[in-house]
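**Q** Structure for this input, please:
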Amino acid sequence: ANADAGSISPALIASLAPNATANITARHTVTQADLDRGYVTNIAKADGKDPKGGNVHAESTDPTPTPGAPVDPTCTTCTITPITQNPSLSLTKTAVAGTHNKIGDIINYNLVVKNTGNVTVTAIAITDANADAGSISPALIASLAPNATANITAKHTVTQADLDRGYVTNIAKADGKDPKGGNVHAESTDPTPTPGAPVVPGCTNCTITPVEQKAAVALVKKVTNTGTGENGVFVLGNQIEYTFTVTNTGNVSLKDLVLNDPLLNKPNITIPGVLLPGKSVSHVEKYTITAADIAAGQVTNQAVIKATDPKGGDVTDKSGTDTNNDNPTVISVAKPPVAKDDVKETQQNKPVVIDVQKNDEAGSSVIVPGSTTIITQPKNGTIKVNTDGTVTYTPNQGYTGTDEFTYTVTDKNGQISNPAKVIVTVVPTKPVAIDDTAETQWNTEVKIPVLGNDKTDGAPFDKGTVEITEQPKHGTVKINPDGTVVYLPNSGYTGTDTFKYRVKDEYGNWTDIATVTVNVKGFFIPNVITPNGDGKNDSFVIVGLENYGNADVTIFNRWGNEVYRNNSYKNTWTGEGLNEGTYYYLIRLNNSGKQEVYKGWVLIKR
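**A** Prediction:
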């Protein structure tokens, strides 16, 4: 009944004598049920007729049972042919290509389980210690015939540990039962490893999925306090409080954080702990403002953070004002006032008030008026600082020349300026002698107050120092102790005369030379002329005639006859052609539109 149809040969034996035998062959094609059972059991039957037509029946026995063949209690005479059972499974696992660079990214897996044996495997459980719980589908395969396959999917959610490692490694397992209840086990392999995936010793069959590592760090340096100056500006001696914020901007953990800031006295500052991606840690340090910072007008610097990534590589960043830049941290400090040099002039022995702050420039705050401070004293004078910030310079008695001193000013922030130089020129006093005019009659002296219109220059005149530098040509001068000058014209002189003088002030400084102009007036009509050719009194000379614009002279004899006329007389009549005797004159003088008339007599005596 278990032979293949048509395989019994011969299936009919016509006759068989006693003790005779006949050989028959038969075949049985192994079925899956045979394999699953592990053996083939069958029994052959022979049915013939005896000579009387009665049935003759026989069932086969196995004279040579196969060693190790199982015993079928229900068929002890069966021929049992054992079949070798090879229960076997294979399991492959491949990762679906994708981007895996942050926590929460999903790695999708495709698994294929195959029955590589010759028996049916049942109750195949798929497990993966690294797969997300509940993500294996299907997790149980009821039955899998030889050469049959089943497709399974699984998922893994990327963790920080995966990112730090740089890859995800896992292995899946298939566990089923063979027909005899034996365990059939398979572990996954990766038929198509991801290019560039690392090799993990001890797990050569693992499915290894690289994850993209991005090691990055950002350092932000900010000032978190204000200075004590106006509007919170930092001044000399203030402490700047810097807050350093280190942020892990990558996707892997960082450790061994070391902060280096050349501005601080601590060149390498260790920040303990492990810094996870997206997390930040802060550190505070202080720095004291120096004079060099004030001179520079600001504090500028940049710190550097150094960390170690999971592979032991260095990760660094220069500090910035935000995580997305590397701009140095720049803090403006109080700008001190700027004192500027001054130039001033004064006269000897004369104090002078100097507004030294007038041209100074304020810095971050206004200059305190009373803050003027003398740094170096003058060598040839004294300084007094006034409450309004001005200074009074007093030169030493009698000193002339250049003197100097230096000073500083302070603003409301307490910032001190640079020293500025003040140059004071002490000039000698310069008295001024002014030209004078005087008037006198002929042969009459005149007292001239030559100093009356002269100008002093901080010191009175020394009246006893009047000096005639050029004598008059038509007279003489005499200097009085009171500084006046007496001028006496030469006898008979009329007209203009000049002389020059100068004078000292009490500091011994001379004036320039001034000119004194004296107008000597006079009008005299002589009564006698002696035209004898001796050069003395030879002509009718009217003294002072030059002071008039025009002179009309007429001479008459004693009988009233006109003997001489000149309407523009120049003192030239000599009585020529006339006898000695008495004559009479009529003189008309014209001056500025006015006429003066003089009448009288004159004697000609030869």
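
**Q** Beta-bridge partners for Ala218, please?
**A** Judged by DSSP bridges, the bridge partners of Ala218 are Thr247.

**Q** contacting residues for it?
**A** Listed by Cβ atoms under 8 Å, 6 or more residues apart in numbering, the contact set of Ala218 reads Val246, Thr247, Thr249, Asp317, Gly320, Thr323, Asn324. Backbone N, C-alpha and C define where each C-beta goes, glycine included.

**Q** so where do the helices sit in the protein?
**A** Here the chain has its helices, by DSSP state H, at 32-37, 160-165, 291-296.

**Q** Please list all residues in contact with the spatially most central residue of the chain.
**A** Nearest to the mean C-alpha position of the chain, by Cα atoms, centre = their mean, lies Val330 at 6.0 Å. Counting by Cβ under 8 Å, 6+ apart, Val330 touches Gln298, Val299, Thr300.

**Q** how much space is there between the last one and Asn238?
**A** Distance, Thr300 to Asn238, by Cβ to Cβ, to the nearest Å: 16 Å.

**Q** higher neighbour count, the two?
**A** Taking other Cβ atoms under 10 Å, Thr300 and Asn238 do not tie; Asn238 has more neighbours (21 against 13).

**Q** ok, now which ones touch that one?
**A** Applying Cβ under 8 Å, 6+ apart, the residues near Asn238 are Gly227, Thr228, Gly229, Thr288, Ile289.

**Q** please redo it, this time with the cut-off set to 10 Å
**A** 225-229, 286-289, 293, 333-334, 413 (Cβ atoms under 10 Å, 6 or more residues apart in numbering).

**Q** Pull up the per-residue confidence for Gly250.
**A** pLDDT, Gly250: 94.

**Q** can the helices of the chain go into TSV with extra columns for distance to Lys255 and mean pLDDT?
**A** What follows is the helices of the chain, written out as TSV (distance: least, Cβ to Cβ, whole Å; pLDDT from 0 to 100):
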stretch	distance to Lys255	mean pLDDT
helix 32-37	58	89
helix 160-165	10	93
helix 291-296	35	91
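
**Q** Asp314: neighbour count?
**A** 10.

**Q** among the helices of the chain, which is nearest Ser282?
**A** Among these, the nearest to Ser282 by Cβ to Cβ is helix 160-165 (21.6 Å).

**Q** what comes into contact with the closest one?
**A** 100-103, 105, 107, 130, 156, 159, 168-169, 198, 200, 209-215, 250-254, 274, 276-277, 309-311.

**Q** Please convert the buried members of those residues into ChimeraX selection syntax.
**A** Entered in ChimeraX, the line below selects the buried ones among those, by 16 or more other Cβ atoms under 10 Å:
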select :100,105,107,130,156,168,169,209,210,211,213,215,250,251,252,253,254,276,277,309,310
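
**Q** Keep only those of the contacts of helix 160-165 that are in strands.
**A** Of the contacts of helix 160-165, the ones assigned to strands by DSSP state E are Ile107, His156, Val168, Thr169, Thr209, Pro210.

**Q** Not counting sequence-adjacent ones, nearest residue to the second one?
**A** Distances taken as Cβ to Cβ, 6 or more residues apart in numbering put Ile107 closest to His156, at 4.5 Å, once the chain neighbours are dropped.

**Q** Retrieve the pLDDT associated with the one you found.
**A** 95.

**Q** Surely it touches Asp128?
**A** No: in this structure Ile107 lies outside contact range of Asp128 using Cβ atoms under 10 Å: 11.4 Å.

**Q** residues shared between the contacts of the two?
**A** With Cβ under 10 Å, 6+ apart, Ile107 and Asp128 have common neighbours Ala154, Lys155, His156, Asn170, Thr207.

**Q** Could you find the lowest-pLDDT member of these?
**A** Asn170 (89).

**Q** residue contacts, that one?
**A** Going by Cβ under 10 Å, 6+ apart, the list of residues near Asn170 reads 93, 95, 107, 109, 128-131, 154, 156, 188, 203, 206-209.

**Q** One more: Asn359?
**A** Neighbours of Asn359 in contact, by Cβ under 10 Å, 6+ apart: Val338, Ala339, Lys340, Asp341, Asp342, Ala420.

**Q** out of the contacts of Asn238, who's nearest Tyr487?
**A** Asn413 (71.7 Å).

**Q** I'd like the distance from that closest one to Gly363, if you could.
**A** 8 Å.

**Q** again, but for Gln302
**A** Applying Cβ to Cβ to Gln302 and Gly363 gives a distance of 26 Å.

**Q** Please say which of those two ends up with more neighbours.
**A** Gly363 (20 against 17).

**Q** wouldn't the more buried one be in contact with Ile294 here?
**A** Yes: assessed by Cβ under 10 Å, Gly363 is found in contact with Ile294 at 9.3 Å.

**Q** For burial, what's the neighbour tally of Pro146?
**A** 18.

**Q** Could you check the pLDDT of it?
**A** For Pro146, the model assigns a pLDDT of 96.

**Q** what do you get for Val30?
**A** In this prediction Val30 is given a pLDDT of 93.

**Q** One more: Gly492?
**A** 82.

**Q** if I pick the closest residue to Asp342 other than its chain neighbours, what's in contact with it?
**A** Nearest residue to Asp342 in three dimensions, chain neighbours excluded: Val422, at 4.5 Å (Cβ to Cβ, 6+ apart). For Val422, the contacting residues are 339, 341-344, 354, 356, 374, 378, 383, 391, 393, 403-407, by Cβ under 10 Å, 6+ apart.

**Q** coming back round to it: quick one: the ones in strands among the contacts of helix 160-165 as a markdown table, columns for distance to Asn579 too.
**A** Shown next, in a markdown table, are these (distance: Cβ to Cβ, whole Å):
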| residue | distance to Asn579 |
| --- | --- |
| Ile107 | 166 |
| His156 | 168 |
| Val168 | 165 |
| Thr169 | 169 |
| Thr209 | 165 |
| Pro210 | 161 |
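
**Q** Report the two of these separated the most.
**A** Counting by Cβ to Cβ, the most remote pair of these is His156 and Pro210, 13.2 Å apart.

**Q** shared neighbours, those two?
**A** In contact with both His156 and Pro210: Ala95, His100, Val168, using Cβ under 10 Å, 6+ apart.

**Q** quick one: the last one from Gly250, how far?
**A** Read it as Val168. In terms of Cβ to Cβ, Val168 sits 18 Å off from Gly250.

**Q** just to revisit the earlier point, kindly indicate which of the contacts of Ala218 lies nearest Ala459.
**A** Gly320 (71.3 Å).

**Q** Out of the contacts of Val330, list just those in strands.
**A** Using DSSP E, these in strands are Gln298, Val299, Thr300.

**Q** tell me which of those residues is nearest to Gly6?
**A** Thr300 (103.9 Å).

**Q** these two touch, right, the closest one and Tyr287?
**A** No: counting by Cβ under 10 Å, Thr300 does not reach Tyr287; the two are 11.8 Å apart.
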